[in-house]
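Novice: I would like the atomic coordinates for the input below:
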Amino acid sequence: MFHDPSHRSQPITMQEIKLQQQMTSHEGSENAVMNKVAALWRCLKPALFGRTGMALVACLISASALMAQMPDLDDEFVGPLASWVNVRTECGAVGDGKADDTAALQKGLDIINPANAERKVLYIPAGAYRITKTLNVPRTEHAQTIGMGIIGEDPATTSIVWDGPQDGRMFYYCPWYARMIRLTLDGRGKAKDAIFHGLPFATVLGYTDMVFKDLQFGIETGERDGIAECLVLRCRFIRCAKAGIDIQNFNTLDWWVWYSVFEDCHIGVSSGYNGGGGHFHVYESLFQNSTEADITIMHTSYFGFRHNTSINSKAFFVAKRANNWTDKENYGGETTTQGNRIYDPIDATPIRIANAGNILLMDNIIRSRADAKSGPVIHQATPTAEADMVSIGNTFTVTNPFDVKGRLTTQDEKMVSRSDIKTEFPALPRTSPNFHRQVFEIPSGANAEAIQQVIDAAAKLSGKRPVVHFPPGEYAIGKTLEIPAGTDMLLVGDSIMGEHGNNLNWTGLDQQPMLLAHGPSRAIFRELYVNCARKAVGVRAPRWFVTVWGQAAVTALKSGMVAASCSGMPGMKVGIAPVLDCPAAR
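Specialist: Numbers count the residues shown, from 1 in each chain. Next comes the predicted model:
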């Protein structure tokens with residue numbers, strides 16, 4: 001079950017970590033995907049061959065659970081696209097690491113910022129872009145910044161580098177319904193923040209395939225009104241002197257961190273600075289050498305930490321008491337800690353909780369250091385001695401692992417020798433690849449007939465996964481757009497929201513699908529806003545399971561379709577499938 005080529009019980013080195021990640025990345029991905037496909041087919045089979053709609057609902061739930069094991073390989077990068085603003089060719093950026101590119105980058109941001117901006121994506125080609133002042137993305141009116149995207153060519157080759165004053169901010173960032181992807185933000189040990197979220201409330205933000213390095217904070221959130229429903233996917237936080245991500249506001253809620261790496265940070269993810277508040281969830285991520293803790297919280301809410309790996313950190317999870325709590329105040333912070341692997345924590349007690357809970361610990365493996373012979377490994381206490389913890393199926397290497405001042409319920413706990421627990425490295429997904437597919441451009445504002453002609457032309461490249469690109473604009477769809485059988489294509493836009501988003505608006509008859517995929521076929525929809533006008537079915541795929549990738553929105557669905565929105569899942573995935581026993585879906 002465990003794999004450790006050294007077969008040693010000593011703390012492992014960074015060189016060993018990186019080598020093992022390289023060795024296991026491809027093999028782990030292939031095995032996980034094959035297992036996922038097999039399990040998905042076992043789930044789909046009853047629904048596809050005549051069972052009731054309940055079987056399909058169970059399948060959707062199972063598919064969501066399977067996604068947590070490994071992201072879909074269909075999550076490839078597409079771009080640059082013709083409608084994007086190129087910061088070099090259009091704004092004059094140099095990208096040689098020497099020239100001051102602050103003004104050029106700000107020019108590009110100003111182009112895509114307005115509410116009436118006709119282009120919503122700023123593209124940054126490979127290069128090192130030196131900045132000496134904060135890049136401002138303000139929002140002073142409701143529709144401003146909606147749908148914008150800041151996209152680099154690849155985080156390995158594309159960086160914005162801080163060369164401004166000590167403790168400066170690289171981005172003052174206020175958009176919503178927006179994304180920032182495929183960039184490295186390098187503070188060079190001088191910048192305070194890579195991203196500082198500003199005053200207005202924001203929602204539906206995504207950071208994907210980003211690197212934040214040599215800063216105090218990678219992402220600092222919640223200055224005033226809060227930032228909620230945000231995704232951090234496949235990001236790396238390196239040498240963040242205070243925290244990789246810090247949540248600072250009671251209205252900063254539902255931050256989801258997936259498949260990310262926190263290396264040599266003081267704290268990986270926290271809600272403890274500037275008074276704390278809000279809540280977040282961390283899944284399938286790797287923490288290495290955190291000098292205070294991998295995860296900390298202060299004010300209480302609900303949290304979930306599942307299937308993470310911690311190596312050589314001082315502690316894994318520390319829940320502190322807020323400074324303004326009196327000794328008579330006792331608040332509950334409902335927290336689920338499940339399936340985490342904690343190797344060689346420096347503190348003998350790597351989980352310390354100072355709130356009332358309820359705390360649920362399930363199937364965690366904690367390998368204490370060789371000099372630790374007895375617990376506690378897990379400590380929970382409040383001044384009033386009111387606390388609740390349930391612990392099931394956890395594995396320890398020392399005796400007396402619990403010290404709980406309150407109610408403790410345990411079941412199926414194990415104590416094993418250190419030598420029985422070998423270090424298992426997570427097979428984390430890499431940056432999504434760019435295969436430079438052939439792109440078929442749809443004329444802006446085209447009607448259904450013109451769009452269908454482009455789809456049919458792209459379908460002739462079956463097997464090469466062509467890209468059908470909708471530039472920003474309003475598209476009146478008066479008849480169903482059909483994806484031919486045997487097709488493998490991507491249909492992509494630039495933005496899901498805003499006056500100049502990619503808005504597909506149904507103007508046809510009731511009960512008709514806007515998009516119809518004939519099987520067997522594979523079609524991936526991304527960055528599109530599908531407005532069914534309370535009349536149409538969004539996507540119909542008779543007897544097939546369809547997924548919509550990326551920041552996608554399907555609104556005003558007519559009955560006959562099931563739409564399961566999973567905004568906290570990788571890729572902001574929206575699952576859409578027919579209800580097999582509903583006449584409207586036949």
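
Novice: next up, the contacts around the closest residue to residue 508 other than its chain neighbours.
Specialist: Distances taken as Cβ to Cβ, 6 or more residues apart in numbering place residue 478 nearest to residue 508, at 4.7 Å, with adjacent residues excluded. Where you see a C-beta, it was placed from the backbone N, CA and C, and this is true even at glycine. Neighbour list for residue 478: 447-448, 507-508 [criterion: Cβ atoms under 8 Å, 6 or more residues apart in numbering].

Novice: can you list these in TSV and add distance to residue 203 and pLDDT?
Specialist: Supplementary listing: these in TSV, determined by distance: Cβ to Cβ, whole Å; pLDDT from 0 to 100:
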residue	distance to residue 203	pLDDT
447	32	95
448	32	96
507	29	93
508	31	92
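
Novice: any of these buried? List them.
Specialist: Neighbour-count burial within these applies to 448, 508; the criterion is 16 or more other Cβ atoms under 10 Å.

Novice: show me which of the contacts of residue 478 is closest to residue 223.
Specialist: residue 507 (42.2 Å; Cβ to Cβ).

Novice: how about the strand or helix carrying residue 468: buried residues?
Specialist: Counting by DSSP states H and E, the element that carries residue 468 is strand 467-469. Within strand 467-469, the residues scored as buried using 16+ other Cβ under 10 Å are 467-469.

Novice: try stretch 423-431
Specialist: By neighbour count on 16+ other Cβ under 10 Å, the buried set for stretch 423-431 is 423-429, 431.

Novice: need these in a markdown table with pLDDT, can you?
Specialist: Output for the buried residues of stretch 423-431, formatted as a markdown table (pLDDT from 0 to 100):
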| residue | pLDDT |
| --- | --- |
| 423 | 95 |
| 424 | 92 |
| 425 | 90 |
| 426 | 93 |
| 427 | 92 |
| 428 | 93 |
| 429 | 92 |
| 431 | 94 |
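
Novice: just those now: which is nearest residue 231?
Specialist: Once Cβ to Cβ is applied, the member of the buried residues of stretch 423-431 that ends up nearest residue 231 is residue 429, at 14.3 Å.

Novice: that closest one against residue 259, yeah?
Specialist: Yes. Residue 429 is within contact range of residue 259, at 5.5 Å (criterion: Cβ atoms under 8 Å).

Novice: for residue 282, the count of nearby residues, please.
Specialist: 26 (other Cβ atoms under 10 Å).

Novice: quick one: contacts for it?
Specialist: 257, 260, 268-269, 295, 304-306, 308.

Novice: contacts only, for the residue lying closest to it once chain neighbours are set aside.
Specialist: Leaving aside its sequence neighbours, residue 282 sits nearest to residue 257 (Cβ to Cβ, 6+ apart; 4.5 Å). With contact set as Cβ under 8 Å, 6+ apart, residue 257 has these partners: 232, 235, 245, 269, 280-283, 285.

Novice: where along this protein do the helices fall?
Specialist: 14-48, 53-67, 102-112, 448-459 (DSSP state H).

Novice: where does the stretch 1-150 of the chain have low pLDDT?
Specialist: 1-74 (pLDDT under 70).

Novice: and if we set it to 90?
Specialist: For the stretch 1-150 of the chain, applying pLDDT under 90 flags the ranges 1-75, 115-118, 141-147.

Novice: returning to that earlier point: quick one: the residue nearest to residue 282 from residue 283, how far?
Specialist: The gap separating residue 257 from residue 283 is 7 Å, by Cβ to Cβ, to the nearest Å.

Novice: give me the mean pLDDT for stretch 517-531.
Specialist: On average, the pLDDT along stretch 517-531 is 85.

Novice: no no, stretch 391-408
Specialist: The average pLDDT for stretch 391-408 rounds to 96.

Novice: output that stretch as PDB, nothing but the C-alphas.
Specialist: In PDB, the C-alpha atoms belonging to stretch 391-408 read as follows (Å, rounded to 0.1, in the frame of the first residue of the first chain):
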ATOM      1  CA  SER A 391     -12.200   9.600  15.600                       C
ATOM      2  CA  ILE A 392     -12.500   6.500  13.400                       C
ATOM      3  CA  GLY A 393     -10.000   4.300  11.700                       C
ATOM      4  CA  ASN A 394      -6.900   6.500  12.200                       C
ATOM      5  CA  THR A 395      -3.400   5.000  12.400                       C
ATOM      6  CA  PHE A 396      -0.700   6.200  14.900                       C
ATOM      7  CA  THR A 397       2.900   5.200  15.800                       C
ATOM      8  CA  VAL A 398       2.800   6.200  19.400                       C
ATOM      9  CA  THR A 399       0.700   5.200  22.400                       C
ATOM     10  CA  ASN A 400      -1.900   7.500  24.000                       C
ATOM     11  CA  PRO A 401      -2.500   9.600  20.900                       C
ATOM     12  CA  PHE A 402      -5.500  11.600  22.300                       C
ATOM     13  CA  ASP A 403      -5.700  14.400  24.800                       C
ATOM     14  CA  VAL A 404      -9.300  15.800  24.600                       C
ATOM     15  CA  LYS A 405     -10.800  17.900  27.400                       C
ATOM     16  CA  GLY A 406     -14.400  17.000  26.600                       C
ATOM     17  CA  ARG A 407     -16.200  14.100  24.800                       C
ATOM     18  CA  LEU A 408     -14.100  11.700  22.800                       C
END
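
Novice: and residue 406, what is it in contact with?
Specialist: Residue 406 makes contact with 356-357, 380-382, 385-389, according to Cβ under 8 Å, 6+ apart.

Novice: among the contacts of residue 257, which one has the most neighbours?
Specialist: Counting by other Cβ under 10 Å, top hit in those: residue 269 with 32 neighbours.

Novice: ok, so what distance separates the residue nearest to that residue when sequence neighbours are not counted from residue 294?
Specialist: Nearest-residue entry for residue 269: residue 245, 4.7 Å, with adjacent residues in sequence omitted and distances by Cβ to Cβ, 6+ apart. For residue 245, the distance to residue 294 equals 12 Å [Cβ to Cβ].

Novice: intersection of neighbour lists for the two?
Specialist: With Cβ under 8 Å, 6+ apart, residue 245 and residue 294 have common neighbours 268-269.

Novice: domain map for the protein?
Specialist: 18-75+431-585, 85-284, 301-425 (automatic domain parsing).

Novice: excluding covalently adjacent residues, which one is nearest to the residue most central in space within the chain?
Specialist: Compute the mean C-alpha point of the chain, and by Cα atoms, centre = their mean the closest residue is residue 233, 3.1 Å away. Nearest non-adjacent residue to residue 233, counting by Cβ to Cβ, 6+ apart: residue 208, 4.5 Å away.

Novice: ok, how many other residues are close to the closest residue to residue 97 other than its chain neighbours?
Specialist: Counting by Cβ to Cβ, 6+ apart, residue 97 lies nearest to residue 128, which is 3.6 Å off, once chain neighbours are set aside. Neighbourhood size, residue 128 [other Cβ under 10 Å]: 18.

Novice: now do residue 366
Specialist: Residue 366: 25 neighbours (other Cβ under 10 Å).

Novice: tell me what the residue lying closest to it once chain neighbours are set aside is bridged to.
Specialist: Using Cβ to Cβ, 6+ apart and skipping the chain neighbours, the partner closest in space to residue 366 is residue 342 (4.5 Å). Taking DSSP bridges as the rule, residue 342 bridges to residue 310, residue 366.

Novice: I'd say residue 342 and residue 378 touch.
Specialist: No. The pair residue 342 / residue 378 is not scored as a contact, 10.6 Å apart, by Cβ under 8 Å.

Novice: which residues are common contacts for the two?
Specialist: Counting by Cβ under 8 Å, 6+ apart, nothing touches both residue 342 and residue 378.

Novice: so for residue 161, what's the pLDDT?
Specialist: 98.

Novice: now do the same contact list for it.
Specialist: 97, 128-131, 186, 188.

Novice: what do you get for residue 313?
Specialist: Here residue 313 is in contact with 287-291, 293-294, 345-346, 350 (criterion: Cβ under 8 Å, 6+ apart).

Novice: now those: which count as buried?
Specialist: Counted by 16+ other Cβ under 10 Å, the contacts of residue 313 give 287-290, 293-294, 345, 350 as buried.
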